[in-house]
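Undergrad: this one's sequence-less:
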């Protein structure tokens, strides 16, 4: 599924409004992106810190062999840039920036243009796309959140969902990008040790991939 089809999907059920801005659920957007292009992937270029201590994050999403990059300031609940943001605020901005970068490939792009419905809603292709996608994207019983407000290194994953190892891997990939020193990597492991032990029993392959990432990141940070 390419840009033309993605831009016609109605995302309204998966958005929320905060202080005049509309946010698309990044988890749902990732799900739709991977359904459209299983080879799609993304990464976060190094964020920029300005002289006043505010931070701009970036996310590059590669889909259909096309790379597009979005940027987003780390903002507070008033949509104002935060001077010297903490790890949790940066992580939140990274999640939102991921959804924005996916929108550059068409999915939900219309909400950034201030529109309530996607362009050409009602066209045959739009009805067909929504009808096929809907059973796969039923909203979960409760909103998915990977990170805990009280501790920026703690990961929360619903282990009653059979796909939780993949969700955990996604959360680790995002969180590890915030580590500034080797001690941060150690803290991610220690705080989430229990769920990592469950993962080892559930999916050895994902467990090994996560710990290879831990090892690589820790060694890189030690070398700085």
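TA: Cool, the structure landed. The structure presented is a predicted model; accordingly, all values stated were derived computationally and were not measured.

Undergrad: use CA for all of it now, contacts and neighbours both
TA: Will do.

Undergrad: I'd like the distance from whichever helix in the chain runs longest to the chain centre, please.
TA: In the chain, with assignment by DSSP state H, the single longest helix is helix 204-222. Chain-centre distance of helix 204-222: 20 Å, with Cα atoms, centre = their mean, to the nearest Å.

Undergrad: Same question for stretch 67-74.
TA: 12 Å.

Undergrad: Could you list the residues in contact with that stretch?
TA: Contacts of stretch 67-74 with the rest of the structure, by Cα atoms under 8 Å, 6 or more residues apart in numbering, involve 54-62, 81-82, 85, 89-90, 92-94, 96-98, 100-101, 104-105.

Undergrad: And the strands in this structure, which stretches?
TA: In the chain, the strands defined using DSSP state E lie at 15-18, 21-24, 41-43, 48-49, 55-63, 66-73, 147-148, 151-155.

Undergrad: who's in contact with the longest one?
TA: Strand 55-63 is contacted from outside by 33, 37, 39-49, 67-74, 81-85, 90, 93-94, 97-98, 101-102, 105, using Cα under 8 Å, 6+ apart.

Undergrad: Could you spell out which stretches of the chain belong to which domain?
TA: 3-137, 147-222 (automatic domain parsing).

Undergrad: By mean pLDDT, flag the weakest helix or strand of this structure.
TA: Every helix and strand of the chain was ranked by mean pLDDT, DSSP states H and E. The lowest is helix 124-133, at a mean of 34.

Undergrad: Tell me who's in contact with the spatially most central residue of the chain.
TA: For the chain, the residue nearest the mean C-alpha position is residue 95 (4.0 Å; Cα atoms, centre = their mean). Shown in contact with residue 95 (Cα under 8 Å, 6+ apart): residue 26.
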